[in-house]
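Visitor: Attaching a predicted model along with its sequence, questions to come.
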Amino acid sequence: MTTSRTRVLLHPDFTVGTVDRRLFGSFVEHLGRAVYTGIHEPGHPTSDEHGFRRDVADLTRELGVTTVRYPGGNFVSNYRWEDAVGPVEQRKPFLDLAWRTVEPNLVGTDEFLQWAEREGIQPMMAVNLGTRGVEEAVALLEYCNGEAGTRWADLRIANGREKPYGVKLWCLGNEMDGPWQIGHKDAHEYGRLARNAGAAMKLVDPSIELVACGSSSMQMATFGEWERTVLEYTYDLVDHISMHAYYEEVDGDRASFLGSGTAMDRFIERVVASADAVGAQRRSDKRITISFDEWNVWYLTTRFPGEENLPIQRDAPRIIEDVYSGLDAVVVGDLLVTLLNHADRVPVACLAQLVNVIAPIMTEPGGEAWRQPTFHPFATTARLAQGEALDLRVTTPGITTKAHGEVPSVTAAATLSDGTVALFLTNRSPEPVEVELAHPGAALDVTEGWSMTADHEAAVAGPEHAEKVAQAHWGSFDVAGRVAGGVGTTTTVTLPPESWTALSGTLTS
Ligand SMILES: O=[N+]([O-])c1ccc(O[C@@H]2O[C@@H](CO)[C@H](O)[C@H]2O)cc1
């Protein structure tokens, strides 16, 4: 439909589904400085008695992260978890082939799970289905969740942890479709292994939820066929199929980059269609949901040299420490709009990653921790998006992009919880846009607003730059000046060019 104006229709009776709190997850991998000098740095002025940085934990809370995936990522596909439990002084370093880094094994399963527990974070663990298989996956699950009286549970108890951790969410490997993955497999090999490992894991603890590996990106040559084959092996066993997607600005193509949320939207719809096709053929009433357990802006093709070109390093090297701009933050906010609009099929999502590695939180060893621009839209969405996601009707002009064809110039998502409404709006166009927000039969009183605008300057590493971007591009939205009406059935909101905005208020009918 062609239209020159933007109209968003909101009605409390039309809902998508409940927003699962696990939608605001993140990811800590043994990669670069995510763990060492990221969450963990004994001797840092803010570190607790376990050697974990308080400043990073405080920012993690402020970010509103509910779930953290661990220990990888590509790392997990050559990981021997048993080498990183028990007395720290007896643990031996190993050469992690995924990131060509000497892993000191100072932080392992117990340290991570206890950190997560102290911080009120639900852990999401991955098992190694690259170099290992059923036996090691079952052993790790028994170590984490088993009651006293069996070998691995007793080892956990001997290591000082009596109570089972009760880890609920388990990834059956990581990106096994990727040729870069250690122990990469084709869809049949992986499907069979995931089914065997998952079935054995459910015998240890039937209450767990399982995630089968989907495609590493929509661009993989095996995309679609991979999902179909893997789910044919695992449909009755697993709860979720994973999705991973990273977006970046390439060759200054700002419009395509700003349209990334539409690419994510289409990707989700295609994976849902693939999963439902398997279900339909099986005449199954079960619906597979999505664990979008890696998503972010990552300058993968333009700034990353490729795993195979990394030199062998030790002592927590600086790997993929992308520095983000206001533009990147607008895109992150818009990707969250897409995720909220799929609340019915996407209960789990992880911003990859949490600290230092393509992360909203950065640190200096021995120094400060700070928020990247991408921190703000994530924290604000995690805080304001509560209850039910609403099924909005948006009419808006299209923007033609090189990478995605036509994309909407304005995107929107909303949630409603006990009369409190939160609305998230992205203006992808370089002009201000007046949005006519229709809420028939109800009065809307907007009480709070936040906005991020895109910058044009190159991003520069360091806390001063992050602060400068926040000062210039992030802040409270001028509700009095930019929101008009509200008491009748229509409210007008003027969005700045290339911006992401969150509004909160009450909806009374
Ligand atoms: O598209 N690619 O070329 C590509 C390459 C690597 C890749 O790795 C994923 O991203 C890494 C960083 O989060 C995780 O360890 C891994 O699961 C994900 C995608």
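Guide: Nice, thanks for sending it over. Small disclaimer: the values here were computed from a predicted structure and weren't measured.
Visitor: Flag every residue of the stretch 101-250 of the chain that's near the ligand.
Guide: Asn174, Glu175, Trp180, Ser216, Ser217, His244 (Cβ under 6 Å from any ligand atom). The C-beta positions use only the backbone N, C-alpha and C, and glycine is treated the same way.
Visitor: let's see it at 8 Å
Guide: Residues of the stretch 101-250 of the chain found near the ligand (Cβ under 8 Å from any ligand atom) are Asn174, Glu175, Gly178, Trp180, Ser216, Ser217, Gln219, Met220, His244, Tyr246.
Visitor: ok and the residue in the stretch 1-150 of the chain nearest the ligand?
Guide: Gly73 (2.9 Å; Cβ to the nearest ligand atom).
Visitor: ok, how many other residues are close to that residue?
Guide: Gly73 has 27 neighbours, counted by other Cβ atoms under 10 Å.
Visitor: Identify the residues contacting the closest residue to it other than its chain neighbours.
Guide: Here the nearest residue to Gly73 in space, its sequence neighbours aside, is Glu29; by Cβ to Cβ, 6 or more residues apart in numbering that works out to 3.6 Å. Applying Cβ atoms under 8 Å, 6 or more residues apart in numbering, we find Glu29 in contact with Val35, Tyr70, Pro71, Gly72, Gly73, Asn74, Phe75, Val76, Gln353, Val357.
Visitor: want to try TSV for those, with pLDDT and secondary structure as columns?
Guide: Putting these into TSV (pLDDT from 0 to 100; DSSP: H, G, I helix; E, B strand; the rest coil) gives the following:
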residue	pLDDT	secondary structure
Val35	98	coil
Tyr70	98	strand
Pro71	98	coil
Gly72	97	coil
Gly73	98	coil
Asn74	98	helix
Phe75	98	helix
Val76	98	helix
Gln353	97	coil
Val357	98	coil
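Visitor: ok, back up a step: farthest-apart pair in the residues of the stretch 101-250 of the chain next to the ligand, please.
Guide: Taking Cβ to Cβ, the two most distant members of these are Asn174 and Gln219; they sit 17.5 Å apart.
Visitor: Closest one of the contacts of Glu29 to Val278?
Guide: Val76 (25.6 Å).
Visitor: ok, how many other residues are close to the closest one?
Guide: 29.
Visitor: I figured Ala116 was touching Thr66, is that so?
Guide: No - assessed by Cβ atoms under 8 Å, Ala116 is found out of contact with Thr66, at 10.6 Å.
Visitor: And the nearest residue to Arg54 once chain neighbours are set aside, how far from Leu59?
Guide: Spatial nearest neighbour of Arg54, chain neighbours left out: Thr46 (4.0 Å); criterion: Cβ to Cβ, 6+ apart. From Thr46 over to Leu59 the distance is 11 Å, taken as Cβ to Cβ, to the nearest Å.
Visitor: of these two, who's got more company?
Guide: Leu59 (22 against 14).
Visitor: quick one on the thing from earlier: please say which of Asn174 and Gln219 ends up with more neighbours.
Guide: The neighbour comparison of Asn174 against Gln219 (other Cβ under 10 Å) goes to Asn174, with 31 against 9.
Visitor: Might you list the low-confidence residue ranges for the stretch 51-200 of the chain?
Guide: Judged by pLDDT under 70, the stretch 51-200 of the chain has no weakly predicted residues.
Visitor: Tell me where the protein has helices.
Guide: Secondary structure of the chain (DSSP state H): helices located at 54-63, 109-118, 134-145, 151-158, 187-204, 225-234, 254-258, 260-281, 300-303, 326-341, 375-384, 463-473, 479-482.
Visitor: tell me the most buried of those helices?
Guide: helix 326-341 (a mean of 26; mean count of other Cβ atoms under 10 Å).
Visitor: residue ranges with poor pLDDT in the stretch 401-509 of the chain?
Guide: Across the stretch 401-509 of the chain, the ranges flagged by pLDDT under 70 are 486-488.
Visitor: in it, what residue is nearest the ligand?
Guide: The stretch 401-509 of the chain approaches the ligand most closely through Ala403 (15.0 Å), counting by Cβ to the nearest ligand atom.
Visitor: How about that residue, nearest residue that isn't a chain neighbour?
Guide: Per Cβ to Cβ, 6+ apart, closest to Ala403 is Ser256, 3.6 Å.
Visitor: contacting residues around that neighbour?
Guide: Per Cβ under 8 Å, 6+ apart, neighbours of Ser256: Glu249, Val250, Thr401, Lys402, Ala403, His404.
Visitor: so how far is Glu111 from the residue most central in space within the chain?
Guide: The residue lying closest to the centre of the chain (Cα atoms, centre = their mean) is Cys350, at 2.0 Å. Taking Cβ to Cβ as the measure, Cys350 falls 20 Å from Glu111.
Visitor: repeat for Pro71
Guide: 11 Å.
Visitor: do the same with Glu29
Guide: According to Cβ to Cβ, Glu29 and Glu111 sit 15 Å apart.
Visitor: For stretch 54-73, output the C-alpha coordinates as CSV.
Guide: Only the C-alpha atoms of stretch 54-73 are listed here, as CSV (Å, rounded to 0.1, in the frame of the first residue of the first chain):
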residue,chain,number,x,y,z
ARG,A,54,31.4,-5.4,40.7
ASP,A,55,31.4,-2.5,38.2
VAL,A,56,30.6,-4.9,35.3
ALA,A,57,28.0,-6.8,37.4
ASP,A,58,26.3,-3.5,38.3
LEU,A,59,26.2,-2.4,34.6
THR,A,60,24.9,-5.9,33.7
ARG,A,61,22.0,-5.4,36.2
GLU,A,62,21.4,-1.9,34.8
LEU,A,63,21.3,-3.4,31.3
GLY,A,64,18.4,-5.6,32.5
VAL,A,65,19.9,-8.9,31.2
THR,A,66,17.9,-11.9,32.3
THR,A,67,19.7,-14.8,30.8
VAL,A,68,23.3,-15.4,29.8
ARG,A,69,24.5,-18.0,27.4
TYR,A,70,27.8,-19.7,28.2
PRO,A,71,30.6,-20.8,27.4
GLY,A,72,30.3,-20.3,23.6
GLY,A,73,30.0,-19.7,20.8
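Visitor: If any of the contacts of Ser256 are buried, put those into a PyMOL selection.
Guide: Per 16 or more other Cβ atoms under 10 Å, the buried members of these correspond to this PyMOL selection:
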select buried, resi 249+401+404
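Visitor: which of the contacts of Ser256 lies closest to Glu368?
Guide: Glu249 (27.9 Å).
Visitor: Contact partners for that closest one?
Guide: Glu249 touches Ser256, Phe257, Tyr299, Leu327, counting by Cβ under 8 Å, 6+ apart.
Visitor: Need the residues you listed in CSV (columns: distance to the ligand).
Guide: As requested, the contacts of Glu249 are exported to CSV (distance: Cβ to the nearest ligand atom, whole Å):
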residue, distance to the ligand
Ser256, 17
Phe257, 16
Tyr299, 12
Leu327, 21
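Visitor: which two in those residues are spaced the farthest apart?
Guide: Ser256 and Tyr299 (14.2 Å).
Visitor: Okay, Arg283 and the ligand: tell me how far apart.
Guide: The gap separating Arg283 from the ligand is 34 Å, by Cβ to the nearest ligand atom, to the nearest Å.
Visitor: is it true that Ala137 touches Met125?
Guide: No - under the criterion of Cβ under 8 Å, Ala137 makes no contact with Met125, lying 9.9 Å away.
Visitor: Dihedrals phi and psi, the closest residue to the ligand within the stretch 351-500 of the chain?
Guide: Relative to the ligand, the nearest point of the stretch 351-500 of the chain is Ala352 (4.2 Å; Cβ to the nearest ligand atom). For Ala352, the backbone dihedrals (degrees, to the nearest 10) come out as phi -100, psi 120.
Visitor: Please name the bridge partners of the residue nearest to it when sequence neighbours are not counted.
Guide: Among residues not flanking Ala352 along the chain, Glu294 sits closest, at 4.0 Å (Cβ to Cβ, 6+ apart). Residues in a beta bridge with Glu294, per DSSP bridges, are His244.
Visitor: Fine by me, we can end here.
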